[in-house]
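Enquirer: Predicted model and sequence below, questions to follow.
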Amino acid sequence: QVQLVESGGGLVQAGGSLRLSCAASGNIFSINPKGWSRQAPGKQRELVATITSGGSKNYADSVKGRFTISRDNVNSTVYLQMNGLKPEDTAVYYCYADLRTSRFAPVSTYWGQGTQVTVSS
């Protein structure tokens with residue numbers, strides 16, 4: 001069974017920082033960590049940041065200059081450093097990755113269960 005597990009969420013005051021991590025476990029043949037999305041109450045899920053295997057990064061306009069995505073290819077972990085947090089960043093944050101469970105399995109996208117980030121004003 002494959003799992004993506006996020007960690008690092010929590011409660012922080014406006015202007016503060018958090019660092020989210022996403023690690024994979026289970027029967028994994030190959031993995032390509034892709035990025036982070038978030039979903040606030042009553043809103044649609046929003047893509048926050050993505051990163052390619054070559055290191056190219058993209059960010060939602062709402063987080064540019066404040067959030068930084070990175071990945072550790074050795075440990076197949078993806079991170080999201082969040083600085084200058086605002087109350088509107090409050091959401092459940094999800095990581096996702098493309099992976100294969102065996103040499104002959106197709107590539108599938110897996111999502112973590114989410115970690116809550118709450119920013120107080």
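Expert: Received it, and whenever you're ready, just let me know what you need. Numbering: from 1, shown residues only.
Enquirer: how about the strands in the protein?
Expert: 3-7, 10-13, 18-25, 30-39, 46-51, 57-59, 67-72, 77-82, 91-100, 108-111, 115-120 (DSSP state E).
Enquirer: could you redo those strands as a markdown table and give each row mean pLDDT?
Expert: Formatted as a markdown table, the strands of the chain follow (pLDDT from 0 to 100):
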| stretch | mean pLDDT |
| --- | --- |
| strand 3-7 | 95 |
| strand 10-13 | 98 |
| strand 18-25 | 95 |
| strand 30-39 | 94 |
| strand 46-51 | 97 |
| strand 57-59 | 97 |
| strand 67-72 | 95 |
| strand 77-82 | 96 |
| strand 91-100 | 96 |
| strand 108-111 | 95 |
| strand 115-120 | 98 |
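Enquirer: want to try TSV for those, with mean neighbour count as columns?
Expert: The way it works is simple: take the backbone N, C-alpha and C, and place the C-beta from them, glycine included. Listed next are the strands of the chain as TSV, based on neighbours: other C-beta atoms under 10 Å:
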stretch	mean neighbour count
strand 3-7	17
strand 10-13	13
strand 18-25	19
strand 30-39	21
strand 46-51	20
strand 57-59	15
strand 67-72	18
strand 77-82	23
strand 91-100	21
strand 108-111	13
strand 115-120	17
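Enquirer: dump the residue contacts of the residue lying farthest from the centre of the chain.
Expert: Within the chain, the residue lying farthest from the chain centre (C-alpha atoms, centre = their mean) is residue 104, at 26.9 Å. By C-beta atoms under 8 Å, 6 or more residues apart in numbering, the contact set of residue 104 is empty.
Enquirer: Next, count neighbours for residue 8.
Expert: 16 (other C-beta atoms under 10 Å).
Enquirer: Just to check, it is in contact with residue 23?
Expert: No. Taking contacts as C-beta atoms under 8 Å, residue 8 lies outside contact range of residue 23: 10.8 Å.
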